[in-house]
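Student: I need the structure of the sequence given here:
(one chain, ligands or ions: 1)
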Amino acid sequence: MPPTPMADKPLLKIEDVEIAFSSPDEADIVAVRQVDLSLYPGKTLCLVGESGCGKSVTARAVLRLNDQNSLIRCGRIRFSPSDGETVDIAALKPDSLAMRKIRGNQISMIFQEPMSSLSPVHTVGDQIDEMIMLHEGLKPKDARERTVALLDQVGVPGPRERANSYPFQLSGGLRQRAMIAMALACKPNLLIADEPTTALDVTTQAQILDLLKELQEEYGMAMLFITHDLGVVAEIADEVAVMYLGDVVEQGNVFDVFRAPSHPYTQALMRSIPTIARKKERQRLSPIKGTVPSAKDRPEGCAFTSRCPYAFEPCAGMMPGRTSVSGNHVARCHLLTENARKAEVPA
Ligand SMILES: Nc1ncnc2c1ncn2[C@@H]1O[C@H](COP(=O)(O)OP(=O)(O)OP(=O)(O)O)[C@@H](O)[C@H]1O
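Tutor: Here you go, the predicted model:
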């Protein structure tokens, strides 16, 4: 399927954001730096990368949900709903009224573990009713009708009876569906999904991804989807941003990035996915050698240098800038600037 054009105006624009965590007896840890991302209505941006690379910290910053020892040191998070004014979320206090209005009203979040948003001591129906009553001011009876319709829409069988179940009485897949229903109760402009399918079996995972795509089409919402699984990216993303130790090292339209991965880290991630062709040719998977350095001892230059098979002189000393690959596809690698320089030298 060819890439679909983007709407002109981004719903969310993360500009040059740096997030650090303070600790009483150590220097601040910079978890995310110079992040620039744009999300468009009706489109999905996937954040991908190994554990600890800053995906969740970036996503949680959009809702100002990072731990209290976090600080957005610089940058802007501009949220521009079609029916309201642009607001810089980075400048809001996490517990301000403005932020509480955005949270759960215009931007919702779903997690890998539904129990992080569902209360174990209330039925799922009561929890969704309450959300609807809070946001839409409906009476309890009308709210329940909408809850039942929402549970039905997200594929919960027998929704009226299931609304009376406690979360522990539901299977993992149904709990995930109930959490999605709750996230949709306020008809958000943006849904943030933090590895919502990681804990599910492959069949349920595929069903939930299909469901999210259907709901996105119906509600026209933007999605920021976090995963470490490139298979999931291929399935759901319009745009992809690859993160490594807090830096976005490559980003662009998903077709362009998959067709021509240009950062050695993205290339290495691609080589580590199992494919039928590799199995037929009895090729071994090639895991990425070494480990991600600690954010506490962040190297000076490109953080991937210690694991990069192509590392050369400038890599350890200086973080490369963004080089355009094609269209909006960019990557941060000295090799690209070096190749571009060589290409400019006449033969
Ligand atoms: N409260 C905190 N205090 C100090 N450091 C933190 C805190 N929360 C997160 N970090 C650090 O921020 C960095 C990024 O973490 P983050 O959770 O965003 O990674 P991730 O890419 O989402 O990983 P995973 O896939 O495992 O969830 C990590 O080095 C982590 O240790």
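Student: what residues does the stretch 201-347 of the chain put near the ligand?
Tutor: Within the stretch 201-347 of the chain, the positions adjacent to the ligand are His228, Ala295 by CB under 6 Å from any ligand atom. In this view, the C-beta of every residue, glycine as well, is placed from N, C-alpha and C.
Student: show me the shaky parts of the stretch 201-347 of the chain.
Tutor: The stretch 201-347 of the chain contains residues with pLDDT under 70 at 274-286, 340-347.
Student: go with 90
Tutor: Counting by pLDDT under 90, the stretch 201-347 of the chain shows low-confidence ranges at 201-208, 211, 215, 218-219, 228-229, 231, 271-300, 313, 327, 337-347.
Student: in space, what's closest to the residue of it found nearest the ligand - neighbours in sequence excluded?
Tutor: Here the stretch 201-347 of the chain gets closest to the ligand at one residue, Ala295, 4.1 Å apart by CB to the nearest ligand atom. The shortest distance from Ala295 to any non-neighbouring residue, by CB to CB, 6 or more residues apart in numbering, is to Ile29 (4.9 Å).
Student: quick one: that neighbour and the ligand, what's the gap?
Tutor: Here the criterion is CB to the nearest ligand atom, to the nearest Å. By it, Ile29 lies 5 Å from the ligand.
Student: what sits up against the one helix or strand that residue maps to?
Tutor: Counting by DSSP states H and E, the element that carries Ile29 is strand 26-39. The contact list for strand 26-39 (CB atoms under 8 Å, 6 or more residues apart in numbering) reads 10-23, 45, 54, 57-58, 61, 70-71, 73, 75, 190, 222-224, 239, 241, 246-248, 251, 295-296, 298.
Student: equivalent analysis for stretch 151-161, please.
Tutor: Applying CB under 8 Å, 6+ apart, the contact partners of stretch 151-161 are 124-125, 128, 148-149, 162-163, 174, 177-178, 180-181, 184, 207, 211, 215.
Student: quick one on the thing from earlier: what's near enough to touch the residue of the stretch 201-347 of the chain closest to the ligand?
Tutor: Contacts of Ala295 by CB under 8 Å, 6+ apart are Ile29, Val30, Ala31, Gly52, Leu245, Gly246.
Student: related to what we said a few turns ago, show me just the buried residues among the contacts of stretch 151-161.
Tutor: For the contacts of stretch 151-161, a burial check counting by 16 or more other CB atoms under 10 Å picks out 124-125, 128, 148, 162-163, 174, 177-178, 180-181, 184, 207, 211, 215.
Student: the inter-axis angle of the helix or strand in which Ser22 is found versus strand 26-39?
Tutor: For Ser22, the host element (DSSP H and E) is strand 12-23. On the basis of axes from the mean of the first three to the mean of the last three CA atoms, to 10 degrees, strand 12-23 is oriented at 170 degrees to strand 26-39.
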